[in-house]
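Visitor: Here is the input, now give the coordinates:
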Amino acid sequence: MSVSSLASRPRLTKAQRREEITGWLFISPIVLGLLLWTLFPMIASLALSFTDFKMVDTPKWVGTRNYVRMFTRDPDFYQALRVTFSFVAMQLPVGLAVALAGALLLNSGVQGMTVFRTFFYLPSVVPVVATSLVWSWMLNLDFGLVNQLLKAVGLAPVNFFGNPKTALPTLAVMSWFGVGQTMVIYLAGLLNIPPSLYEAAEIDGAGRTRKFISITLPMLSPTLFYTIIMGLIRSFQYFTQAFVLTSGGPMKTTYFYNLMIYNVGFAFLQMGYASALAWFLLVIILILTMVVFRSSSAWVYYESEMRK
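Guide: As a prediction, this is how the structure comes out:
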């Protein structure tokens, strides 16, 4: 900003200055919280990723040794990546489809929509640890409700969390039941679609499938774009259920990347290496998010742009 522009700026009155100070006071908790609890820890974590820090001694600068170790000497790193990417591939597409199906059902004029909306959203507000314990009881090999039903119909019980072939898919299926928040977001997007578009399509003889493909999906694409981004981030940060139910087992088939970061940092006290792992996860999420953003121009349609 030039000196002339500063000189030409109108002086604030006492009331305007008081209002400006009041505004800064109101946002100061958010600004201080962002600086102290987000920005500063991120900078400190980046610096620690280049050190050997055991949490009980002084950090020692090691350069890129943690990153070299990550790619060349740690087999758990690649196992955690495989598990996390496999989980994202199983959980994200089906989870979004289940949420969209539920939103379409509620938007179809079903009676008691408010009750159903609350029922579907309720698991999203229950603490994750509590829901994990409920799933642990329901899927228990000896006395779980699901295995009791399987025995009642003559089928063998399934060791959902103890079998390497079923542990990861079980966690993915569990996550599909927690899509209530995404479903409510889809429902809000569906309610914003002008009914006149469907009426015009019906006059032209369009059926349900054609209306869904030509109207619902394009008009809902900004909402889909948002939920894909948020779902992608949440899937890569999956931690609590695996920590409570499997601890990474059996045979590390549920050893998620975030679980590895936790173990390295707080179980083995290798905070420098854990910081390097965390920053690599940030890079993965950033790259995938950028890919979705770059592709959005081909499939996301905004009503304001369509009117131009």
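
Visitor: make it CA atoms for all contacts and neighbour counts henceforth
Guide: Will do.

Visitor: Distance of the residue nearest to the spatial centre of the chain relative to Pro194?
Guide: What sits nearest the mean C-alpha location of the chain, by C-alpha atoms, centre = their mean, is Arg234, with 1.7 Å. To Pro194, Arg234 is 31 Å away according to C-alpha to C-alpha, to the nearest Å.

Visitor: what do you get for Arg17?
Guide: 44 Å.

Visitor: now Ser28
Guide: 40 Å.

Visitor: Also Phe120?
Guide: Distance from Phe120 to Pro194, by C-alpha to C-alpha: 25 Å.

Visitor: Which one's more surrounded, the two?
Guide: A direct count of neighbours by other C-alpha atoms under 10 Å for Phe120 and Pro194 places Phe120 higher, at 19 against 11.

Visitor: mind checking the SS state of that one?
Guide: helix (DSSP: H, G, I helix; E, B strand; the rest coil).

Visitor: Isn't it up against Trp176?
Guide: No - using C-alpha atoms under 8 Å as the test, Phe120 is too far from Trp176 to be in contact (11.3 Å).

Visitor: before we move on, which element is Thr84 in?
Guide: Applying DSSP states H and E as the criterion places Thr84 in helix 75-106.

Visitor: and Leu277, what is it in contact with?
Guide: 67, 70, 261 (C-alpha atoms under 8 Å, 6 or more residues apart in numbering).

Visitor: What mean pLDDT does the helix or strand harbouring it get?
Guide: Leu277 is part of helix 271-299, with elements assigned from DSSP H and E. Mean pLDDT, taken over the full extent of helix 271-299, equals 96.

Visitor: Mark out where each domain of the chain begins and ends.
Guide: 3-40, 76-306 (automatic domain parsing).

Visitor: OK, contacts around Val173?
Guide: Counting by C-alpha under 8 Å, 6+ apart, Val173 has contacts Gln91.

Visitor: Going forward, count from 21.
Guide: Will do, 21 is the new start, and the previous item becomes Val193.

Visitor: Which element, helix or strand, includes it?
Guide: Going by DSSP H and E, Val193 is in helix 187-196.

Visitor: buried set for that helix?
Guide: 187-189, 191-192, 194-196 (16 or more other C-alpha atoms under 10 Å).

Visitor: Can you lay out those as TSV showing pLDDT and distance to Leu112?
Guide: Formatted as TSV, the buried residues of helix 187-196 follow (pLDDT from 0 to 100; distance: C-alpha to C-alpha, whole Å):
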residue	pLDDT	distance to Leu112
Ala187	96	17
Leu188	97	14
Pro189	96	12
Leu191	96	12
Ala192	95	9
Met194	93	12
Ser195	91	9
Trp196	89	9
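
Visitor: between those, which is nearest Ala262?
Guide: Leu191 (7.6 Å; C-alpha to C-alpha).

Visitor: Show me the shaky parts of this structure.
Guide: Applying pLDDT under 70 to the chain flags residues 21-30, 324-328.

Visitor: need the strands for it, in chain order.
Guide: 71-72, 80-81 (DSSP state E).

Visitor: can you redo these as TSV with distance to Gln290 and mean neighbour count?
Guide: Output for the strands of the chain, formatted as TSV (distance: least, C-alpha to C-alpha, whole Å; neighbours: other C-alpha atoms under 10 Å):
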stretch	distance to Gln290	mean neighbour count
strand 71-72	7	22
strand 80-81	12	14
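
Visitor: export these to JSON lines and tack on distance to Val303?
Guide: Shown next, in JSON lines, are the strands of the chain (distance: least, C-alpha to C-alpha, whole Å):
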{"stretch": "strand 71-72", "distance to Val303": "19"}
{"stretch": "strand 80-81", "distance to Val303": "22"}
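
Visitor: and the helix holding Leu297 with helix 95-126, angle?
Guide: Taking axes from the mean of the first three to the mean of the last three C-alpha atoms, to 10 degrees, one finds helix 291-319 and helix 95-126 inclined to each other by 40 degrees.

Visitor: buried sites along helix 291-319?
Guide: 291-299, 301, 305, 309.

Visitor: Which one, of the strands of the chain, ends up nearest to Leu161?
Guide: strand 71-72 (42.7 Å).

Visitor: which helices and strands does that closest one pack with?
Guide: Secondary-structure packing of strand 71-72 (3 or more C-alpha pairs under 8 Å, 6 or more residues apart in numbering; DSSP states H and E): strand 80-81, helix 291-319.
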